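>>> Next comes the sequence, and after it the predicted model I'd like to discuss.
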Amino acid sequence: MGPYDSAISAGSSSGSSSSSTSKPHEIDGLLAGAGYKVRSSDLRQVAQRLERLETVMVNSPSDVSQLASDTVHYNPSDMASWVDSLLSELNNPHALPLPSDLPDFPDLIASPVLNQTTMQNDDAWADPNIIPPHQLKVVTAMEEDSGIKLVHMLLTCAESIQRGELALAGSLIENMQALLTRVNTVCGIGKVAGYFIDALNRRVFAPRGFANNSTYGSAYENEVLYHHFYEASPYLKFAHFTANQAILEAFDGHDCVHVIDFNLMHGLQWPPLIQALALRPGGPPLLRLTGIGPPSPDGHDSLREIGLRLAELAQSVNVRFAFRGVAASRLEDVKPWMLEVSPKEAVAVNSIMQLHRLLGANNTRNLPIEMVLGWIRNLNPKIMTVVEQEADHNQVGFLDRFTEALYYYSTMFDSLEACALQPSKALAEIYIQREICNVVCCEGSARVERHEPLAKWRSRLVQAGFRPLHLGSNAFKQASMLLTLFSSEGYCVEENEGCLTLGWHSRPLIAASAWQAAADVSNPLGIVNHNNGQVL
Amino acid sequence: MKSTSMNPGTLSFRNLDFSAHSSDPFLVNYMRVVPLNTWVLISNFKLAYNLLRRPDGTFNRELAEFLERKVAANTNPVDGVFSFDHVDRATGLLNRVYQPAPENEAQWGILNLEKPLSTTKIVPVILFFHGGSFTHSSANSAIYDTFCRRLVSNCKAVVVSVNYRRSPEHRYPCAYDDGWAALKWVVTRTWLQSGKDSKVYVYLAGDSSGGNIAHHVAVRAAEADVEVLGNILLHPMFGGQERTESERRLDGKYFVTIQDRDWYWRAYLPEGEDRDHPACNIFGPRGKSLKGVNFPKSLVVVAGFDLVQDWQLAYVEGLEKSGREVKLLYLEQATIGFYFLPNNDHFHCLMKEIKEFVNSNC
């Protein structure tokens, strides 16, 4: 019997009656409530290591400062491995230089590859502490009350839609539209409510025209809106920079590399990576980029145009570069042979907010996601970078989905409030509004915005045969630096068990993670045990 | 400077349920008094914090944020408690609100911001300031989110946790300003009102630096005639220039050192100030008397293995001499952070005392 009661040390965090003896391989429930995953059976060993770490730190304080500034930390939730990594750092300081980081930002937030058609408002980079006075809106008590009323009515309306009471829903919509006239719709709850009322209106009154059409506007329109969303907020920049940092590290030591971009758009992600590869110690690799995107109308080949511009940039920094465009209306139409992956090259698969489109309607068999993840895994990429909206917008019940979307997009609109860049801000809001409409109005195959939270993606990817590659404190630092360039102080990067999230204040809105095919030497048939997500 | 008088209400735990006989060579003295997982948790913090404090007084905020375990708010009840965040548009100050789950399951996930908590009974609202020596942690830190949830369940109260600005980036008096703003916000929310009088029954609470903040916010409240029903100070962070007996005796023994305490005061107090600044040394040479000030009753919890205890006991004495009502809960065998995990008697004792304290007028 030790100095502590083992029954006490391994209780469950919920306070419910816990068994007096916990299984040793279980995670200590109380530490889990504090955000740490430690197996009960490892507690003593972790304690000993902590003791040893303290002794070493006390004996060499100069090493401590190096631990803090130079060492890259990973996944602090796994306390045992974090402590071990510090111990091994102190015993064995890094002999090799770390893989290069992305170069400083100011050089790389260059104008995007396309010609600038919008005016850049340099005030966006100005002193973050000065908020233009017209943007400091004081929410009066009356406004707050009307706003709360609107939210209640929105939820009641969504509930009546779920119950099939469309007449009631319709009259609620009319009431809400009337209430909107008494509320400030320029910002805050009034603006968001306006978009949701509009979406509900479309769902109830114009189902045929709208709900079955998942893409409104041309691909070109979508690209323009996407570009402004990129300019007006840090979400896409965070996605690109975080993915690029992970890809850069994964490509370390490889001479032939191949990036497969699931949604090329204007190729905004790639100039910084090309520049970083150009500057890497030992010289750049041969870089192939395969960009997937929708087919262009009228025989116009926009993919190729973007490829050409990227090639020009690569040439200007002496990076051997080859581009291939793959036109496909849906990601599931892409077949691996189209990508012409060579066995000698290191492959990076990059998916920025694309995987959720493959989730299809719930409860259908043979989801496209499984097929696509399957062939990605067979490619055995060096890395797969995944960025997804951190939201549960794929729930079966309409009310649940609606409620989640209301909170999620309210937060996102809040974050955009302080953006001074016009017309990017207005167009970014339209970009978001289209997402909202898809979540709220569409069903079946038309609903492509099937966002799922990181926790669900984790288990889905593990089940599909991937293992996580942890994003570390250097990527975190890069992301934090990115945020200092934005004028609003509410943006917040968080570390979540090896993944990074970017959010507004305390609400994560977008999550970035990195993956690799899990080794399965012992599993030639590729059988996956779904019970614990492990490959047998 | 040690106070030897204790209120009749003092409890002390001499008979802990920890077996002292073990042949484990690894044992350090203090592992006998702390459950293993608590020891691991607090030691992990201690070591991480050592990495973050730089000798020149600057703080590695990026690494701190990377290492900090955070949790999102959840409007869906978990174990009977739900939470949501409110951000003040003008200041960016965030408060996380924790409430008991509505009895009607159909109401789950929907925030009621129109009606009071109750029109018949009194529901206490605890305005909570998390600890972290003014420098660490946030309202959405996992340890504090969990603690606030336990407070709600235990006391059947609403808890509002304040994400105050931290040092060294934001020194005195920022944390107090934010605390005061939060208090004003809380008392003007109609949906936090309860009872037949339709008012907000607010208590201030905090651990470590949070306790210090609670004191100073209570002073401002008293001066502005804002009613605070009580203060709960969980091993509050106080200090002074003098080195006290408990500081010398316990330096480095139970997770905390005098050196780190000094660092945090240097990071919080205005540059060039010493620890007799009234923010730090409440009833010291530069302190203000509370005689005649309508200062609320206090519950001050002192951990017997906390090196700061002489200052905390001096604070209790100071309150008594000012004629203020105070109850001292002295937990002889407790270390700092004993309340993070509910695996010891001190935790349960604390919860019982807090529950009584906030429900005494129901």
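The structure has been received and is ready for your questions.

>>> For the stretch 251-362 of chain B, which residues are neighbours of chain A?
Within reach of chain A by Cβ under 8 Å from any Cβ of the partner chain, the stretch 251-362 of chain B has these residues: B:340, B:341, B:342, B:343, B:344. For the C-beta atoms, the positions are set from N, CA and C on the backbone; glycine is no exception.

>>> interface residues of the stretch 51-200 of chain B facing chain A?
B:51-52, B:54-55, B:60, B:62-63, B:65-73, B:75, B:79, B:85, B:87, B:89-90, B:92, B:94, B:96, B:109-111, B:113-114, B:138-143, B:146, B:150, B:153, B:163.

>>> And the residues you listed, which of them are buried?
Applying 16 or more other Cβ atoms under 10 Å in any protein chain shown to these, the neighbour count classes B:51-52, B:60, B:62-63, B:65-73, B:75, B:85, B:87, B:89, B:94, B:96, B:109-111, B:113, B:138-143, B:146, B:150, B:153, B:163 as buried.

>>> From those, which land in strands?
Counting by DSSP state E, the part of these found in strands is B:85, B:87, B:94, B:96.

>>> hmm, back to that, including secondary structure and neighbour count, could the residues of the stretch 251-362 of chain B next to chain A go into TSV?
Output for these, formatted as TSV (DSSP: H, G, I helix; E, B strand; the rest coil; neighbours: other Cβ atoms under 10 Å in any protein chain shown):
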residue	secondary structure	neighbour count
B:340	coil	25
B:341	coil	27
B:342	coil	22
B:343	coil	23
B:344	coil	27
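
>>> Would you mind giving these as TSV with distance to residue A:315 and pLDDT added?
Below are these laid out as TSV (distance: Cβ to Cβ, whole Å; pLDDT from 0 to 100):
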residue	distance to residue A:315	pLDDT
B:340	58	97
B:341	60	96
B:342	64	96
B:343	64	93
B:344	67	93
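
>>> What is the burial count for the residue nearest to residue B:142 when sequence neighbours are not counted?
Once flanking residues are discounted, residue B:142 sits nearest to residue A:35: 3.3 Å by Cβ to Cβ, 6 or more residues apart in numbering or on different chains. Using other Cβ atoms under 10 Å in any protein chain shown, the number of residues around residue A:35 comes to 21.

>>> Same check on residue A:280?
Neighbours of residue A:280 using other Cβ under 10 Å come to 16.

>>> so residue B:337, which of the three states?
Counting by DSSP: H, G, I helix; E, B strand; the rest coil, the backbone at residue B:337 sits in coil.

>>> Quick check: it touching residue B:39?
No - Residue B:337 lies out of contact with residue B:39 (Cβ atoms under 8 Å); the separation is 10.0 Å.

>>> in chain B, what spans have low per-residue confidence?
Flagging of chain B using pLDDT under 70 yields the residue ranges B:1-32, B:361-362.

>>> Mind giving me the packing neighbours of the stretch of helix or strand residue B:204 belongs to?
Using DSSP states H and E, residue B:204 sits in strand B:202-207. Judged by 3 or more Cβ pairs under 8 Å, 6 or more residues apart in numbering or on different chains; DSSP states H and E, strand B:202-207 is in contact with strand B:125-129, helix B:174-187, helix B:209-223, strand B:230-234, helix B:345-358.

>>> Centre of the chain to the last one, how far?
Distance of helix B:345-358 from its chain centroid, counting by Cα atoms, centre = their mean, to the nearest Å, is 14 Å.

>>> in that helix, what's buried?
Going by 16+ other Cβ under 10 Å, helix B:345-358 has these buried residues: B:345, B:346, B:347, B:349, B:350, B:351, B:353, B:354, B:355, B:357, B:358.

>>> Tell me the one of those residues nearest chain A?
residue B:345 (9.4 Å; Cβ to the nearest Cβ).

>>> coming back round to it: look up which helix or strand the residue nearest to residue B:142 falls in, please.
Secondary structure (DSSP H and E) places residue A:35 outside all helices and strands.

>>> now swap in residue A:266 and tell me
Going by DSSP H and E, residue A:266 is not part of any helix or strand.

>>> show me what contacts residue A:162?
Residue A:162 makes contact with A:397, A:398, A:399, according to Cβ atoms under 8 Å, 6 or more residues apart in numbering or on different chains.

>>> can you map out the helices along the stretch 151-300 of chain A?
For the stretch 151-300 of chain A, the helices defined by DSSP state H, counting those that start in this stretch occupy A:166-180, A:188-205, A:219-232, A:235-250, A:270-279.

>>> Kindly apply the preceding question to the stretch 301-450 of chain A instead.
For the stretch 301-450 of chain A, the helices defined by DSSP H, counting those that start in this stretch cover A:302-316, A:368-379, A:398-416, A:424-441.
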